[in-house]
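**Student:** Predicted model follows, preceded by the sequence.
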Amino acid sequence: MTEESSNYRQSRLFTTDEGEFDERRAKADALPIEDGDVVDTDELSDHQRYVEGRGIYDERNDVNDLTGREWKFATKSVLPEQYPPDFQHDLRSQHGGQKPPRLCLELIRRFSTSGDLILDPFAGVGGTLLGASLAEYEGSGRRDAIGFERNGEWVDLYHEVLEAENEDRADRGEGPLADQDMRRGDCLDLVDELATDAVDFLLTDVPYWDMDKVEQTRNETETRSSKLEAFDGDGLQDKAAWLDDMGRKFEQFRRVVKDDGYVAVFIGDMYREQSYNMLSSELASRIVDAGYTMKADLIWYDPSKDLHVYGYPFSFIPSMVHQNILVFRNE
């Protein structure tokens, strides 16, 4: 049966003798999907079930807990979202690279199911961990999460943020966010403590090398003070050494990510020394070399980003308002 004839049959099913659509009968005998369509639940396959307000869920879905309707929107390659400065934003902003917990939640919902284990090997102040806890209230169910972070200041700040946030949630009558497993130490040492295939989804924002310490493009006489820890603690890496380091680490991470498990990595391209540095492409190549299959390059576009007059009036220099989210699968 064609889509057109199916829609015609459904419209006839719930039409009165006067030729008007009977919404009451439609709701009683069938269920709305979207855009005015209806589905007769008797026609669903054994592996399908209707989730009220969300659409049809296919029980064969082992990637996430999304219905078909939700899956369709989750496959969009651009996330044009401005996240509000919530979840103790002032505290978390002490870390120069923190990511909004609800952005992390969005990715967690796309690439994991309720009860899964999430790993962030470069946890910072715990945006991934907060997102995993938030899924209990704004997703299909809480995920457990483990974070590795070698900077004790950020580990302490994660717990401070969680305590303050839960106090605010209690005042609003909301349930507490779970305290996830934040571990202090080097990721290569800590990953050895995890069992093989233990991790369902790896989500992280990789640390840059010395890019946060070089001169700003718009003012060659000033450098910006970094809020990030010096890389590796032994002086600054150059880009080649950083890429080598990332390749080694993701190769080690692969052991703990389950077969067919997903990996999502935040990385921003940069303009430095009069040239565009396509870090996303270079890092993606190293992660593929480590044994993963690349599946997508998502773009997070933040409309709230400030614009600056770079290069005017002599040279076009981009004002970066997006970050890449590289998506891989451990196949």
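**Tutor:** Structure received.

**Student:** So what's the gap between the helix or strand where residue 136 lies and the chain middle?
**Tutor:** Element membership for residue 136 (DSSP states H and E) is helix 127-138. Here the centre of helix 127-138 is set off from its chain's centre by 11 Å, with CA atoms, centre = their mean, to the nearest Å.

**Student:** what helices or strands is the very next helix or strand once past it leaning on?
**Tutor:** Note on helix 127-138: by DSSP H and E, the next helix or strand toward the C-terminus is strand 144-149. With contacts taken as 3 or more CB pairs under 8 Å, 6 or more residues apart in numbering; DSSP states H and E, strand 144-149 sits against strand 117-120, helix 127-138, helix 152-171, strand 181-184, helix 187-191. Using the backbone N, CA and C atoms, a C-beta is placed for each residue, glycine as well.

**Student:** returning to what we had before: outside of the helix holding residue 136 itself, list whatever touches it.
**Tutor:** Helix 127-138 has contacts (CB atoms under 8 Å, 6 or more residues apart in numbering) with 87, 92, 98-105, 107-109, 114, 118, 120, 123, 141-145, 147, 158, 161-162, 165, 174-175, 177-182, 203-205.

**Student:** Just the CA coordinates for stretch 268-287, please, in CSV.
**Tutor:** Extracted as CSV, the C-alpha positions of stretch 268-287 are listed here (Å, rounded to 0.1, in the frame of the first residue of the first chain):
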residue,chain,number,x,y,z
GLY,A,268,37.4,23.3,17.8
ASP,A,269,39.3,24.4,14.7
MET,A,270,41.5,27.4,15.2
TYR,A,271,43.0,30.3,13.3
ARG,A,272,46.7,30.9,14.2
GLU,A,273,49.8,32.4,12.6
GLN,A,274,47.8,33.7,9.7
SER,A,275,46.4,30.2,8.8
TYR,A,276,43.3,28.2,9.5
ASN,A,277,44.2,25.1,11.5
MET,A,278,41.7,22.3,10.7
LEU,A,279,42.3,20.5,14.0
SER,A,280,39.0,18.5,13.6
SER,A,281,40.3,16.8,10.5
GLU,A,282,43.8,16.1,11.8
LEU,A,283,42.5,14.7,15.1
ALA,A,284,39.9,12.6,13.2
SER,A,285,42.6,11.0,11.1
ARG,A,286,44.6,10.0,14.3
ILE,A,287,41.5,8.5,15.9
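
**Student:** So for that stretch, mean pLDDT?
**Tutor:** The average pLDDT for stretch 268-287 rounds to 92.

**Student:** Surely residue 257 touches residue 194?
**Tutor:** No: the criterion here is CB atoms under 8 Å, and residue 257 misses it with residue 194 at 9.8 Å.

**Student:** of those two, who's got more company?
**Tutor:** Neighbours were counted for residue 257 and for residue 194 using other CB atoms under 10 Å; residue 257 has more, 24 against 18.

**Student:** Identify the residues contacting the residue lying closest to residue 111 once chain neighbours are set aside.
**Tutor:** Excluding its sequence neighbours, the residue lying closest to residue 111 (CB to CB, 6 or more residues apart in numbering) is residue 262, at 4.1 Å. Residues in contact with residue 262 (CB under 8 Å, 6+ apart) are 63, 111-112, 201-202, 295, 327-330.

**Student:** gap between residue 262 and residue 112?
**Tutor:** Relative to residue 112, residue 262 is positioned 8 Å away (criterion: CB to CB, to the nearest Å).

**Student:** Now for these two: what residues contact both?
**Tutor:** Common neighbours of residue 262 and residue 112 (CB under 8 Å, 6+ apart) are residue 201.

**Student:** just to revisit the earlier point, could you provide the helices and strands packed on strand 144-149 in TSV, with additional columns for mean pLDDT?
**Tutor:** Conversion of the helices and strands packed on strand 144-149 to TSV gives the following (pLDDT from 0 to 100):
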stretch	mean pLDDT
strand 117-120	98
helix 127-138	96
helix 152-171	95
strand 181-184	98
helix 187-191	98
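
**Student:** Can you tell me which of these is nearest to residue 74?
**Tutor:** Of all these, it is helix 127-138 that lies closest to residue 74, at 14.1 Å by CB to CB.

**Student:** The closest one to strand 144-149, inter-axis angle?
**Tutor:** Taking axes from the mean of the first three to the mean of the last three CA atoms, to 10 degrees, one finds helix 127-138 and strand 144-149 inclined to each other by 160 degrees.

**Student:** Helix or strand: which one has the residue nearest the centre of the chain?
**Tutor:** Here the mean C-alpha position of the chain is nearest to the C-alpha of residue 107 (CA atoms, centre = their mean), at a distance of 3.0 Å. Assigned by DSSP H and E, residue 107 falls within helix 101-111.

**Student:** Name the surrounding residues that touch that helix.
**Tutor:** 63-66, 74, 79, 81, 83, 86-87, 118, 127-128, 130-132, 134-135, 138-140, 143, 201, 203, 262, 264, 300, 325, 327.

**Student:** redo that, cut-off 6 Å
**Tutor:** For helix 101-111, contacts defined as CB atoms under 6 Å, 6 or more residues apart in numbering pick out 64, 74, 83, 87, 127-128, 130-132, 134-135, 139, 201, 203, 262, 264.
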